[in-house]
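**Q** compute the structure for the input listed below.
(chains A, B and C)
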Amino acid sequence: MRNKITNAISDFFFEYETPRQVLVRNRRVGVVCRLIQLGVLAYIIGWVFIYEKGYQSTDTAVSSVFTKMKGVGYTNVEGVEKVWDVADYVFPPQGDASFVVMTNYIITEGQSLGKCPELPGKHNCTSNTDCEGGSFKRSMTGICDNTTKTCEVLAWCPVEDDHHIPEPPLLMSAENYTLFIKNSVTFPIFGVTRSNLVEGIDAHYISKCLYHPEKSPLCPIFKMGDIISLSGFNFETIAKVGGAIGIVVDWTCNFDLDVRHCKPKYNFHGLYGNPDEKDKARASVGYNFRFARHYFEDKVQKRTLLKVFGIRLDIIVQSLARKFDVIPTLTAIGSGVGIFGVATVVCDLVLLYLLPKRQFYKNMKFKYTDTHGQEPDSEAGSTETETHK
Amino acid sequence: MRNKITNAISDFFFEYETPRQVLVRNRRVGVVCRLIQLGVLAYIIGWVFIYEKGYQSTDTAVSSVFTKMKGVGYTNVEGVEKVWDVADYVFPPQGDASFVVMTNYIITEGQSLGKCPELPGKHNCTSNTDCEGGSFKRSMTGICDNTTKTCEVLAWCPVEDDHHIPEPPLLMSAENYTLFIKNSVTFPIFGVTRSNLVEGIDAHYISKCLYHPEKSPLCPIFKMGDIISLSGFNFETIAKVGGAIGIVVDWTCNFDLDVRHCKPKYNFHGLYGNPDEKDKARASVGYNFRFARHYFEDKVQKRTLLKVFGIRLDIIVQSLARKFDVIPTLTAIGSGVGIFGVATVVCDLVLLYLLPKRQFYKNMKFKYTDTHGQEPDSEAGSTETETHK
Amino acid sequence: MRNKITNAISDFFFEYETPRQVLVRNRRVGVVCRLIQLGVLAYIIGWVFIYEKGYQSTDTAVSSVFTKMKGVGYTNVEGVEKVWDVADYVFPPQGDASFVVMTNYIITEGQSLGKCPELPGKHNCTSNTDCEGGSFKRSMTGICDNTTKTCEVLAWCPVEDDHHIPEPPLLMSAENYTLFIKNSVTFPIFGVTRSNLVEGIDAHYISKCLYHPEKSPLCPIFKMGDIISLSGFNFETIAKVGGAIGIVVDWTCNFDLDVRHCKPKYNFHGLYGNPDEKDKARASVGYNFRFARHYFEDKVQKRTLLKVFGIRLDIIVQSLARKFDVIPTLTAIGSGVGIFGVATVVCDLVLLYLLPKRQFYKNMKFKYTDTHGQEPDSEAGSTETETHK
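**A** So this is what the prediction gives:
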């Protein structure tokens, strides 16, 4: 018994089976099949391996972004001069990846809780009966104000009048503000961490540089005006009514090369709109929110309401790293061999069904267990039988 | 020499090898093997290609979200009427993807820095010795207040009393607020950008519509009450103690179809809890944070402390796009051919080890270099030898 | 006609073709080839399947994070005692995934809009001509102040003096603050939702526990001092000038096991720097932003400017789940079979080109349609011809 197993193992190790093949010497078939096989080989090596880098596995990054604005704004509204620094025009102040730079505003000072008539044009009325009920947008008191001919509401008074958006925008100086972006990405599968302050981008360089798509594409300091124009917008338009701009930090890296070649690319585009469609580009324009500063005046709670029009900047990190990996390599080779098999099947079809001498090749290729279609169970066919003999 | 190479190349191009095969005419083996092969073929075409769309490559999106709340809240606490507008009840105000809508609050007005006794129940004492030391939570002065029998602390005084959460919640009107979501997604690999304001969702439609899961599933305006009920929660419960709700914007797109079919789906669920487990559903309930408004009163810095209970809404963008790609298609075909090869191996095992006529088939299939197991090195087997001859 | 089709179908189902093979009985070839084949098999089973879990498909999660700080800070600047609670030292207050804990600050109280000379050292001047023009950083009035010998600017006055950063940091007590992280992840493809409050981490446990990498790795409550030291920084250094720390919540899950084994791991590291390079580690140190509190004093708008130095904490969720899936399994098998085919090709090359008896094996393996290289079109080779007969 033990001998048997030893024999089987030695048989297994000392034997090797290889498929028997017909070598068809036919120019037409040969050329056609070789070309098909070379095509498949070219596809596997050229496209899958070289062009699409099928021997690499991919990874996307987790990232962290910190931003810092610099610059001072200046407004002169009816002779009142004001300066606006970072603490005043950036929301939120702590340097998030998504923030708003105020470029225009409608200020309503000294609001206090009370009852006052609505603005003309909203909730017009002729008598108190027009002001009955209410809505979730306003709490009406049911009284029609005789002077303005509008309903009286319970609200922060005086109510904000946002019919007229200041033009030109009050903070056109925002064009000269600068934005500093600090971005770090970690590719967890490859265990690589990179910062947008790559080699050569040191404190000295940062202190003087300004981003330019060609001249200094790695400088992490951006002028607001440049960001807007690179996104394809007009600064004054977007500064007046606000807008949403995405700054895409694109990390497309190949870690088969030195890690130093993994550098960010910055792209700018309007969010919420397809730049191809003229109509939709407008979707990115128009961004505002309301913001209140509360205070007490003579023990009465008051607030300053700001309707802020601004440029909302979203720092969007997009990443795709690639590195040689055994698994995708061998999967690509393995499935390439499979495709190669398909090529053989195609050639066989040509050989066996299309060529004039197909019957000859069929006989060369196939050996039949039985020529007459009878069941081989009858042991008659136990000697090798070949057709066309 | 050159001739030799030319010959080799012409040989290579004019020759074609194809494996020789045995055509076994046996009903049992034939049916079994054909069924196995058809099964593999059905799996590859039916499942991998049609059901799992194995001919497509996938991509996830980078996205940007902007939100805007609308609606006015109204409270009447002990006769004091107050209105709350967006600038007062949304934190942060600038329209982030994650924000809090205040639905209830505990207000502590006029706090100033100083020394005052703790609330009854916390740091009870009978004499000063009980109030020695301190902790990182409170700075104790070491004095036991005789009136309240609690330790005196250095803190913003008077200390906040948050034992009793107002019930019903003060801002039940939050149920009627509406949320507008603007979301844009970009699939970097496919180069497609989509906005949730898809075709047909124009300014006119938005001005009137309200999201309804069946009637208007694409309207980007949501009523707070609907969001909570679609998440499976009770509004009053969650409004009282706060809660965290996720609004998932699901972009599952097939870019082999027209890009217009790529539309978002909105789902709502409680965060931090598994809706299946009754116990864990509670994990999503209970959300609060403290927020202070600082002011000066008679040159003394004071603050109004708000313990805000609210609904935290996280707009979560989930995306998966698919598009025809040559690489996965050919990988699927290639590995399908491989699986086909496995089917052949299985059939061969049946043929060579299970059938009664296995010896016959073995002889048909295999040709031995040598019948007696002797080493072929002895050149004796240099002519073709076949067993059973 | 119909008969013909029936015949073709029955032929198809009752026939089965299997490749004919040569069984080479040669120790050297046998051993080499078997070892190659076993190697490929070991690679497929051992590496692709067992080690790399190639039978699983992967998914990354969408996540939601909520944070809550606890602890009270205490400062004593020139005899003025102050306490700082969560509402004062966390920016923003609502518990975002990315927030700043103030550890040091430069306060400039009572600023009002006006004209005042710059700080000594900035914009030095001897006469008004030195102060002409201006920059986007400051609005100069063109007057040289005689006392300070600096240009006068239109700004919030008095201007902030941030030359001296307080040392030791004013809020060293931040070391004892605690951070509570609530994190929920959803794997959309697998339909699994998990929270970092896993089984066993209930309200009772949370009330007492404190994170420790070995003793309580699942406790979601972290001491600030621990976070900094686990990131490899010195608390006092980072507290003085600020810094950015990432808390990575790592969800690496295998859903072939019970879902309860899917637990988070917490890692801590400095952002914006590579810990390997000593020079770059500094990139994570130094974080500050300016923040203003506006108020009215005697009807004049004033503000308190805070230059906040703090620890910015980014909760970064990193996720990778794996689960058995038919498609990758069969792709792995299929391409494994393909690799197997490559092994056979290699062995054939050895057999046909390297062995001394290669001509013998060539004749065994190949059958030629024609021995003399003439075109088989001449119908002369229509009977089976084998060389060496």
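**Q** was I right to think A:Ile201 contacts A:Cys219?
**A** Yes. At 7.3 Å, A:Ile201 counts as touching A:Cys219 under the criterion of C-beta atoms under 8 Å. To be clear about C-beta, it is placed using only N, CA and C from the backbone, and glycine gets the same treatment.
**Q** where does the most centrally placed residue in chain A land in three-state SS?
**A** Nearest to the geometric centre of chain A sits A:Gln318, at 5.6 Å (C-alpha atoms, centre = their mean). Secondary structure, DSSP: H, G, I helix; E, B strand; the rest coil: A:Gln318 is strand.
**Q** residue contacts, it?
**A** A:Val248, A:Val249, A:Asp250, A:Trp251, B:Val62, B:Pro188 (C-beta atoms under 8 Å, 6 or more residues apart in numbering or on different chains).
**Q** do you know how far A:Val22 is from B:Lys323?
**A** 42 Å (C-beta to C-beta, to the nearest Å).
**Q** and those two? which has more neighbours close in?
**A** A:Val22 (23 against 19; other C-beta atoms under 10 Å in any protein chain shown).
**Q** which strands and helices sit next to the helix or strand harbouring that one?
**A** Following DSSP states H and E, one finds A:Val22 within strand A:21-25. Strand A:21-25 sits against helix A:358-365, strand B:15-19, strand C:366-368, with contacts defined as 3 or more C-beta pairs under 8 Å, 6 or more residues apart in numbering or on different chains; DSSP states H and E.
**Q** in the stretch 1-150 of chain A, which spans are strands?
**A** A:15-19, A:21-25, A:56-59, A:62-70, A:73-77, A:80-84, A:90-91, A:98-117, A:139-144 (DSSP state E, counting those that start in this stretch).
**Q** ok, residues contacting the fifth one?
**A** Just to be clear, that refers to strand A:73-77. A:81-85, A:88-89, A:166, A:170-171, A:173-174, A:177, C:139, C:154.
**Q** related to what we said a few turns ago, can you put the strands of the stretch 1-150 of chain A in CSV and add mean pLDDT and distance to A:Leu354?
**A** As requested, the strands of the stretch 1-150 of chain A are exported to CSV (pLDDT from 0 to 100; distance: least, C-beta to C-beta, whole Å):
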stretch, mean pLDDT, distance to A:Leu354
strand A:15-19, 79, 23
strand A:21-25, 81, 13
strand A:56-59, 89, 40
strand A:62-70, 90, 57
strand A:73-77, 87, 79
strand A:80-84, 87, 81
strand A:90-91, 92, 74
strand A:98-117, 92, 64
strand A:139-144, 78, 86
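**Q** who wins for proximity to C:Arg312 among the ones you listed?
**A** C:Arg312 lies closest, by C-beta to C-beta, to one member of these: strand A:62-70, at 6.9 Å.
**Q** count the neighbours of A:Phe268 for me.
**A** Applying other C-beta under 10 Å, I find that A:Phe268 has 20 neighbouring residues.
**Q** what's the helix or strand for it?
**A** strand A:265-270.
**Q** now do the SS call for A:Leu218.
**A** A:Leu218 ends up coil, using three-state DSSP.
**Q** skipping adjacent residues, who's closest to it in space?
**A** Distances taken as C-beta to C-beta, 6 or more residues apart in numbering or on different chains put A:Ile201 closest to A:Leu218, at 5.7 Å, once the chain neighbours are dropped.
**Q** so who does the closest residue to A:Phe13 other than its chain neighbours touch?
**A** Once flanking residues are discounted, A:Phe13 sits nearest to C:Arg34: 5.1 Å by C-beta to C-beta, 6+ apart. Going by C-beta under 8 Å, 6+ apart, C:Arg34 touches A:Phe12, A:Phe13, A:Tyr16.
**Q** for the nearest residue to A:Ile311 once chain neighbours are set aside, what are its contacts?
**A** Take A:Ile311 and drop its neighbours on the chain: the residue closest to it by C-beta to C-beta, 6+ apart is A:Val101, 4.9 Å away. Counting by C-beta under 8 Å, 6+ apart, A:Val101 makes contact with A:Met69, A:Tyr89, A:Val90, A:Ala174, A:Tyr177, A:Met224, A:Gly310, A:Ile311, A:Leu313.
**Q** can you put those in a markdown table and add neighbour count and distance to C:Ile206?
**A** Shown next, in a markdown table, are these (neighbours: other C-beta atoms under 10 Å in any protein chain shown; distance: C-beta to C-beta, whole Å):
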| residue | neighbour count | distance to C:Ile206 |
| --- | --- | --- |
| A:Met69 | 21 | 39 |
| A:Tyr89 | 23 | 40 |
| A:Val90 | 27 | 36 |
| A:Ala174 | 26 | 46 |
| A:Tyr177 | 25 | 44 |
| A:Met224 | 23 | 45 |
| A:Gly310 | 28 | 40 |
| A:Ile311 | 25 | 42 |
| A:Leu313 | 27 | 38 |
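**Q** which residue would be the closest one in the stretch 251-389 of chain A to chain C?
**A** Using C-beta to the nearest C-beta, the closest approach of the stretch 251-389 of chain A to chain C is made by A:Gly334 at 2.7 Å.
**Q** in helices, which of the contacts of A:Val101 appear?
**A** A:Tyr89, A:Met224 (DSSP state H).
**Q** and of the contacts of C:Arg34, the nearest to chain B?
**A** Nearest member of the contacts of C:Arg34 to chain B, counting by C-beta to the nearest C-beta, is A:Tyr16, at 9.6 Å.
**Q** count of neighbours near A:Phe99?
**A** Residues near A:Phe99, counting by other C-beta under 10 Å, number 22.
**Q** for A:Ile238, see how far away it is.
**A** For A:Phe99, the distance to A:Ile238 - C-beta to C-beta - is 16 Å.
**Q** ok, now A:Gly336?
**A** 51 Å.
**Q** give the buried subset of the contacts of C:Arg34 as a PyMOL selection command.
**A** Here is the PyMOL command that selects the buried residues among the contacts of C:Arg34 (16 or more other C-beta atoms under 10 Å in any protein chain shown):
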select buried, chain A and resi 13+16
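**Q** next up, the contacts around the residue in the stretch 201-350 of chain A positioned nearest to chain B.
**A** Ranked by C-beta to the nearest C-beta, the top residue of the stretch 201-350 of chain A for proximity to chain B is A:Ser335, at 2.8 Å. By C-beta under 8 Å, 6+ apart, the contact list for A:Ser335 reads B:Leu330, B:Thr331, B:Ala332, B:Ile333, B:Gly334, B:Ser335, B:Gly338, C:Thr331, C:Gly334, C:Ser335, C:Gly338.
**Q** make TSV from these and add pLDDT to it.
**A** Putting those into TSV (pLDDT from 0 to 100) gives the following:
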residue	pLDDT
B:Leu330	82
B:Thr331	83
B:Ala332	83
B:Ile333	84
B:Gly334	84
B:Ser335	83
B:Gly338	83
C:Thr331	83
C:Gly334	84
C:Ser335	82
C:Gly338	83
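**Q** closest to B:Ile106 among those residues?
**A** For those, with B:Ile106 as the reference and C-beta to C-beta as the criterion, the closest is C:Thr331, at 58.4 Å.
**Q** element containing that closest one, please.
**A** Per DSSP H and E: helix C:326-349 holds C:Thr331.
**Q** check the gap between the residue nearest to the centre of chain A and B:Val32 for me.
**A** A:Gln318 is 52 Å from B:Val32, by C-beta to C-beta.
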